[in-house]
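*Asks:* pasting the structure only:
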């Protein structure tokens, strides 16, 4: 006798989630967003100083005795006067005209290493944003060595304007020199510490750049010797509050917030999740509308089909 084995049809195993309808897939995604938003400690990524931010904290040993003290909202002495890279006497106030934010860096032009590292990092970030110095914001590099004059400032400017390679930026990046009292008056308000080492004939100073509002108030601090273009863009946007922003800039400022404890920008979880929630909600409503429309079309076709198959 021949025994026939029952026919067994192999079922193909599909990847998990392949059988989910679009509605359930969207629902699972929405629940996942909600969980991550409420999970303790989920900041959804930091953009601040450190390796994860694209910056660098590896600084020379002589920075141990100097630092940067944040004075957010401090009013700068706008009547502080300097010599610009053309040898003209200027006051800080004139770089805040026109409602444009100001980017400040402290350096000295014969610095053997750190100043150029900071300036290189700042210039690289400036190249990475669409804003143009002079048109959208002003940049001021303030020399901290009162012995240096406009000739050194002009030479340094020529080097960096050429490296920046943005036509017209020479009108917006200014290299200043000045007297000790005037330099200190601005540095102290910003919280930038530096000291002269007579033995080595060098200045020890911290590493960072700063943005200032059109009213002359210190707005943001960016630390280290490298700066992400997004960090710089956000810092300038914060300093430029009140000016008309593009849609892209509005979205960025909605999602990111400056965290003084993190010393940088963080992706703001609540706003990010709120925006994601709106997108998910719209997607669900659109899907429900589409399904409802198809159901109406099916119901309308049903009577006509019955009439065709059951003529009177």
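*Replies:* Structure received. For clarity, every value in this text was computed on a predicted model and none was experimentally measured.

*Asks:* how long is stretch 99-115 end to end?
*Replies:* Start to finish, the residues bounding stretch 99-115 are 28 Å apart (Cα to Cα, to the nearest Å).

*Asks:* typed the wrong thing, it's stretch 71-88
*Replies:* 30 Å.

*Asks:* Start at 255, not 1
*Replies:* Understood, numbering begins at 255; the last thing we discussed is stretch 325-342.

*Asks:* Buried residues, that stretch. List them.
*Replies:* Neighbour counts using 16 or more other Cβ atoms under 10 Å place 325, 328, 330, 334, 336-339 of stretch 325-342 among the buried residues. Backbone N, C-alpha and C define where each C-beta goes, glycine included.

*Asks:* From those residues, which one has the minimum pLDDT?
*Replies:* On pLDDT alone, residue 325 ranks lowest of the buried residues of stretch 325-342, at 93.

*Asks:* Skipping adjacent residues, who's closest to that one in space?
*Replies:* Leaving out its chain neighbours, the residue that sits closest to residue 325 by Cβ to Cβ, 6 or more residues apart in numbering is residue 445, at 4.5 Å.

*Asks:* Neighbours of that neighbour, how many?
*Replies:* 18 (other Cβ atoms under 10 Å).

*Asks:* How confident was the prediction at it?
*Replies:* 96.

*Asks:* got the contact list for it?
*Replies:* 322-325, 328, 472 (Cβ atoms under 8 Å, 6 or more residues apart in numbering).

*Asks:* Do I have it right that residue 462 meets residue 447?
*Replies:* No. Counting by Cβ atoms under 8 Å, residue 462 sits too far from residue 447 to count as a contact (10.6 Å).

*Asks:* Overlap in contacts, these two.
*Replies:* residue 322.

*Asks:* And those two? Which one has more around it.
*Replies:* Shown here are residue 462 and residue 447; by other Cβ under 10 Å, residue 462 has more neighbours (24 against 17).

*Asks:* Spatially nearest residue to the more buried one (excluding sequence neighbours)?
*Replies:* residue 477 (4.6 Å).

*Asks:* can you check residue 345 too?
*Replies:* residue 335 (5.0 Å).

*Asks:* Contacts only, for the one you found.
*Replies:* 343-346, 432, 436.

*Asks:* hmm, which two among those are most spread apart?
*Replies:* Taking Cβ to Cβ as the measure, the contacts of residue 335 span a maximum distance of 11.8 Å, between 343 and 346.

*Asks:* I'd guessed residue 387 sits against residue 376; true?
*Replies:* No. Look at residue 387 against residue 376 with Cβ under 8 Å: they stay out of range, at 11.0 Å.

*Asks:* Which secondary structure state does residue 392 sit in?
*Replies:* strand (DSSP: H, G, I helix; E, B strand; the rest coil).

*Asks:* okay, it: pLDDT?
*Replies:* So, for residue 392, pLDDT stands at 97.

*Asks:* Just give the number of residues close to it.
*Replies:* Neighbours of residue 392 using other Cβ under 10 Å come to 23.

*Asks:* How much space separates it from residue 320?
*Replies:* Distance from residue 392 to residue 320, counting by Cβ to Cβ, to the nearest Å: 26 Å.

*Asks:* Please apply the same query to residue 470.
*Replies:* For residue 470, the distance to residue 320 (Cβ to Cβ) stands at 24 Å.
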